[in-house]
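> Here is the input, now give the coordinates:
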Amino acid sequence: MTVKVIVATSSPEKTRKWHAAFEQAWPQGTFVAWSEQAGTVGAQYAIVWQPPAELFRREHGLQAVFNLGAGVDGLMSLPSLPRSLPIVRLEGAGMAEQMAEYVVYGLVRAAREFGEYESRQRRALWQPLPAIRREDWPVGIMGMGTIGAEVARAVSSLGYAVAGWSRTPRALPGIQTYGGQDGLAGFLARTRVLVNVLPLTASTENILDRANLSRLLPNGYLINVARGQHLVEDDLLALLDQGRMQGAMLDVFRTEPLPADHPFWRHPKIIMTPHVAAITLEDGTVAQIVDKIRALRQNRPISGVVNRDSGY
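A predicted model of the protein is given here:
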């Protein structure tokens, strides 16, 4: 029996692109591109990214929904999504390596003071700065899943002291780990460069607030590649303006695209990128999802199924 899969994303253009990619990768499957005008297609699986809420009101025979990304907070916030419908998040597919590259760049740029060298270049100043001591730049990573672990390994390989914090303790060779609310204060107190790769849940929203950011070592630095809703923006701005923190590199924001009048655009201590720390790679994503649908059709277990209670 042929499997029927519906593809629905945030725009008709993106839907057509992903629909074509899945059709080419698995000709034996029947893939249907979502259309507001079309009726129910009787799909067994859905492949989505920021899908319309109407999808889950229309397709009542879905057995699982596959998210075209690691973060599932937007999908889970849809009231029309049935509580019993399994959600499968994207694992890896090149995103962990991209995140690691991004974080390493942000860390090294801050620690080696490359921003200051750029300023001196504009002023034609040949003026070396003192060499850094990596011991002065301990890194703490919030979120120790697949992406966090890859980031931790990459940063540790450069000789920086690395610790990780997660909701529940997780062991990673060579990495000091902390877990739960009881371990958060100690984790922050030993950290100068704080890297956030947490999933967005009710318990992690606003976790990057004044109280927690103030616990960092002097001249703390924030790298946020998770979700904009983790960060209390006014608290960060206040700490930067008061000299309590040295700077921040931000890839995600509460409102995207970021409004042109937002103070982040022009703040001298903030580096911004437009949500590009890890871009979903088509080939790896398609292969992973197709393999998992095949496994489900053969009653084999798959990884990446989201725990609806924890939110990841």
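
> Tell me where the model's unsure across the protein.
Under the criterion pLDDT under 70, the flagged ranges of the chain are 1.

> Domain map for it?
Listed domain ranges for the chain are 4-93+280-297, 95-272 (source: automatic domain parsing).

> In CSV: those domains, plus distance to residue 303 and mean neighbour count.
Placement of C-beta: from N, CA and C, glycine included. CSV is the format used below for those (distance: least, CB to CB, whole Å; neighbours: other CB atoms under 10 Å):
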stretch, distance to residue 303, mean neighbour count
domain 4-93+280-297, 6, 17
domain 95-272, 10, 17
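
> For residue 310, which of those is the nearest?
Closest to residue 310 of the domains of the chain is domain 95-272 (CB to CB; 6.9 Å).

> now do the same end-to-end measure for that closest one.
Across domain 95-272, the terminal residues are separated by 19 Å (CA to CA, to the nearest Å).

> List the contacts of residue 273.
Contact analysis of residue 273 by CB atoms under 8 Å, 6 or more residues apart in numbering lists 102, 249, 250, 251.

> I'd like the residues you listed laid out as TSV, including secondary structure and distance to residue 181.
What follows is the contacts of residue 273, written out as TSV (DSSP: H, G, I helix; E, B strand; the rest coil; distance: CB to CB, whole Å):
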residue	secondary structure	distance to residue 181
102	helix	28
249	strand	26
250	strand	25
251	coil	26
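
> so residue 32 sits in a helix?
No - assigned with DSSP: H, G, I helix; E, B strand; the rest coil, residue 32 falls outside any helix and is strand.

> correct me, but it touches residue 7?
Yes - applying CB atoms under 8 Å, one finds residue 32 in contact with residue 7, separated by 7.0 Å.

> before we move on, the earlier item: got the domains of the chain as TSV, with distance to residue 305 columns?
Output for the domains of the chain, formatted as TSV (distance: least, CB to CB, whole Å):
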stretch	distance to residue 305
domain 4-93+280-297	6
domain 95-272	14
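
> Can you check which of the ones you listed gets nearest to residue 307?
Closest approach to residue 307 among those (CB to CB): domain 4-93+280-297, 9.4 Å.

> which residue is nearest the centroid of this protein?
In the chain, the centroid-proximal residue (CA atoms, centre = their mean) is residue 226; its distance is 3.7 Å.
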